[in-house]
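# Need coordinates for the following:
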Amino acid sequence: MEELLDRVSAHGPYGYRPHLVPAIVFLVVYAIAAAAHIFLGVKHLKQGRLWLPTLAFGCVVEAAAMALRVLGHYQPTNINAYIAQQVMSVLTPAFFAAAHFSVGGLALVLFGAAYAPRKVAPRRILPFFVTVDVLSLILQGTGSGMAAVAEQQEPPQSTFTGAWIVVGGLIIQLMGYLAFNALAVVFLLRVRRAPPTSPHWTPRFRLFLLAVWLSSLLVLLRSAFRTAEMLKGWIGPIATVEVWFYCLDALPVSLAVLILVPFYPARFLPDDIRLGAHCTNDEELGAVDELKGTSSAPLSPAAASRPLSRHSSAS
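Reported below is the predicted structural model:
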């Protein structure tokens, strides 16, 4: 710990002088990703396909954080720039999580409860993940703000409470991503057992879901890294080593958002998805039971792939 404190004393809050080249490289990458997501968002909005603006917003914030790291190269002892950069870097993956969780929830609504975990209604999955994401964002934002205020006191106060609130938010985000990936595994196993015959189940759509899953795994890696980092504190053995930040935060997150440029969700998700879908039709309920092993009759592909709709019994 004495060595870490000596480094912070010598180099400022980073514990090192941020390198200029990687900061500029990732600043450019995030700026390009932000421009691409803004363009795609506006393009699809004009076509009547509204999609979450969180991807573009998150990329803009990440670019701003990298701009502050560039400033940190020239002013490594600038505590205000350091705090702002840390807060931005910690918070932004929550905006990307909103996109991942939305696609996962909508996909299960699209293909029906037969592909969701037992006794889990597809219409409840997205609200659950939205709650997780919002709670995570609130905790991380609150903790980061408390830590920033403590740092600005004269003399500086302990950031212990704020840091642990941030850790709580990061753990919730990490658990959310683990639950999301568990749902993805369940979905994969069930579509392999009984592939949907829905017209939406195309090679193109399957590739889209795979891309979103890969993007989510990259953010999951980052969430695990940030959780481990914060458990050791802002002046810990992880936070004060620059290479860890670039390898386990900047690189995976930038790849995650770049993947979603060619696989922009509004291009692939059907326009007629409704989040209020639930199972009321007896035949659909039978399909769910059959796939989950509670019926001895083989599952028909048509029953497996039929989306569960509020109005299906009337049709």
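
# If we ignore the residues flanking it in sequence, what's nearest residue 120?
Take residue 120 and drop its neighbours on the chain: the residue closest to it by Cβ to Cβ, 6 or more residues apart in numbering is residue 113, 7.6 Å away. Where C-beta positions appear, they are placed from N, C-alpha and C, glycine not excepted.

# just checking, the one you found touches residue 123?
No. Using Cβ atoms under 8 Å, residue 113 is not in contact with residue 123; the gap is 9.0 Å.

# Mind checking which of those two has more residues around it?
Taking neighbours as other Cβ atoms under 10 Å, residue 113 and residue 123 compare with residue 113 leading, 26 against 20.

# ok so, going back, next one: the residue nearest to residue 120 relative to residue 208, how far apart?
Using Cβ to Cβ, to the nearest Å, residue 113 is found at 21 Å from residue 208.

# can you give me the helices in the protein?
For the chain, the helices defined by DSSP state H occupy 2-11, 20-46, 54-74, 79-91, 93-111, 122-152, 160-193, 203-232, 242-245, 251-259, 265-268, 282-291, 301-305.

# burial count for the residue lying closest to residue 69 once chain neighbours are set aside?
Nearest non-adjacent residue to residue 69, counting by Cβ to Cβ, 6+ apart: residue 23, 4.1 Å away. Applying other Cβ under 10 Å, we find 23 residues neighbouring residue 23.

# Can you give me the domain assignment for the chain?
Domain assignment for the chain by automatic domain parsing gives 2-271, 279-315.

# Determine how far the first one lies from the middle of the whole chain.
Which is domain 2-271. How far domain 2-271 lies from its chain's middle: 5 Å, per Cα atoms, centre = their mean, to the nearest Å.

# what about the stretch 1-150 of the chain, any weak spots by pLDDT?
Applying pLDDT under 70 to the stretch 1-150 of the chain picks out residues 1-11, 48, 50.

# Identify the residues contacting the most centrally placed residue in the chain.
In the chain, the residue lying closest to the centroid (Cα atoms, centre = their mean) is residue 97, at 2.1 Å. Neighbouring residues of residue 97 by Cβ atoms under 8 Å, 6 or more residues apart in numbering: 129, 133, 136, 173, 176-177, 216, 219.

# Could you save the residues you listed as JSON lines and add columns showing neighbour count and distance to residue 14?
Supplementary listing: the contacts of residue 97 in JSON lines, determined by neighbours: other Cβ atoms under 10 Å; distance: Cβ to Cβ, whole Å:
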{"residue": "129", "neighbour count": "22", "distance to residue 14": "34"}
{"residue": "133", "neighbour count": "25", "distance to residue 14": "29"}
{"residue": "136", "neighbour count": "25", "distance to residue 14": "25"}
{"residue": "173", "neighbour count": "27", "distance to residue 14": "24"}
{"residue": "176", "neighbour count": "23", "distance to residue 14": "29"}
{"residue": "177", "neighbour count": "26", "distance to residue 14": "27"}
{"residue": "216", "neighbour count": "23", "distance to residue 14": "29"}
{"residue": "219", "neighbour count": "25", "distance to residue 14": "23"}
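
# Look up how far residue 142 lies from residue 161.
Separation of residue 161 from residue 142 (Cβ to Cβ): 10 Å.

# Does residue 271 touch residue 49 like I think?
Yes. Using Cβ under 8 Å as the test, residue 271 is close enough to residue 49 to be in contact (6.5 Å).

# Check the spacing between the residue nearest to residue 69 and residue 14 real quick.
Taking Cβ to Cβ, one finds residue 23 at 11 Å from residue 14.

# Need the residues touching each of those two.
residue 72.

# circling back to that earlier point, would you tell me which one of the helices of the chain is buried the most?
Comparing these by mean neighbour count (mean count of other Cβ atoms under 10 Å), helix 93-111 ranks first with a mean of 25.

# how many degrees apart are that helix and helix 20-46 in direction?
Orientation check (axes from the mean of the first three to the mean of the last three Cα atoms, to 10 degrees): helix 93-111 against helix 20-46 gives 40 degrees.

# give the contact list for residue 163.
Counting by Cβ under 8 Å, 6+ apart, residue 163 has contacts 143, 147, 230, 233-234.

# Closest one to residue 189 out of these, please.
Closest approach to residue 189 among these (Cβ to Cβ): residue 230, at 33.7 Å.

# Find the nearest non-adjacent residue to the closest one, please.
Per Cβ to Cβ, 6+ apart, closest to residue 230 is residue 167, 4.7 Å.

# ok, residue 181 touching residue 214?
No. The criterion here is Cβ under 8 Å, and residue 181 misses it with residue 214 at 10.9 Å.

# Residue ranges in the stretch 201-315 of the chain under the pLDDT threshold?
In the stretch 201-315 of the chain, residues with pLDDT under 70: 272-315.

# go again using 80 as the cut-off
233-236, 271-315 (pLDDT under 80).

# got a list of what residue 147 touches?
Contacts of residue 147 by Cβ under 8 Å, 6+ apart are 83, 159, 162-163, 166, 234.

# rerun at 7 Å
If you count contacts by Cβ atoms under 7 Å, 6 or more residues apart in numbering, residue 147 has them with 159, 162-163.
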